[in-house]
Each structure stands twice: as C-alpha cells, then as structure tokens.
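> what's the 3D shape of this:
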Amino acid sequence: MFAAIHISKESVNGVEIEYIDISPLPVLNADLEVAGTFLPVVEAFRRKILQADSVLFASPEYNYSVTGTSMRN
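Below is the predicted model:
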C-alpha cells in the first residue's frame, strides 16, 4: 500500500498525499446514510474526501480482484 503513495509522490512534483487507514470505518449501513447521520469516524472520513482535489484508493490484488476484506464496502 505504501508503494502506491511513494510512486505517486515521485511521479508528480508538489503533490501532497495523506495516507488514511480505512480499517476503523464500519461496514456500510444504508439506514444511517438515508437518515443523513454518520458515526464520527465516518464523518471525519467524509470531510477528508470532500476537501481533497483527488482521491486514490489502493488495494492489494488477488486473483485479478481486490482482496476479500479490503475494499468490499
């Protein structure tokens, strides 16, 4: 995962990259999404995404797909 950050930093001069661990994020709860209420950890993640100029999600590959638990939700 850190290889993606390193490659991105080396490829573009002046780019600022922040690594965010998504493991604290809960499994998707559509009921909360409809209600417009989110857990504090989710709200903090949403703010980071909204403030970003671009977003890069990197995940290990296994058998031509993402791994079982890394990016399913």
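
> C-alpha from now on. contacts and neighbour counts both.
Fine.

> distance of residue 8 relative to residue 20?
15 Å (Cα to Cα, to the nearest Å).

> with neighbour numbers in mind, choose between those two.
More neighbours surround residue 8 than the other of residue 8 and residue 20, with 15 against 9 (other Cα atoms under 10 Å).

> and that one, what helix or strand is that in?
Secondary structure assigned from DSSP states H and E places residue 8 in helix 2-11.

> as PDB, could you dump the C-alpha coordinates of that helix?
Taking only C-alpha atoms (Å, rounded to 0.1, in the frame of the first residue of the first chain), the coordinates of helix 2-11 have been written out as PDB:
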ATOM      1  CA  PHE A   2       2.800   2.400   0.800                       C
ATOM      2  CA  ALA A   3       4.300   1.700  -2.600                       C
ATOM      3  CA  ALA A   4       1.300   3.500  -4.200                       C
ATOM      4  CA  ILE A   5       2.000   6.600  -2.000                       C
ATOM      5  CA  HIS A   6       5.700   6.500  -2.900                       C
ATOM      6  CA  ILE A   7       5.100   6.100  -6.600                       C
ATOM      7  CA  SER A   8       2.500   8.900  -6.600                       C
ATOM      8  CA  LYS A   9       4.800  11.300  -4.700                       C
ATOM      9  CA  GLU A  10       7.700  10.500  -7.100                       C
ATOM     10  CA  SER A  11       5.600  10.900 -10.200                       C
END
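
> can you list the buried residues in it?
Neighbour counts over helix 2-11 (16 or more other Cα atoms under 10 Å) mark residue 5 as buried.

> so where is this protein shaky, pLDDT-wise?
1, 66-73 (pLDDT under 70).
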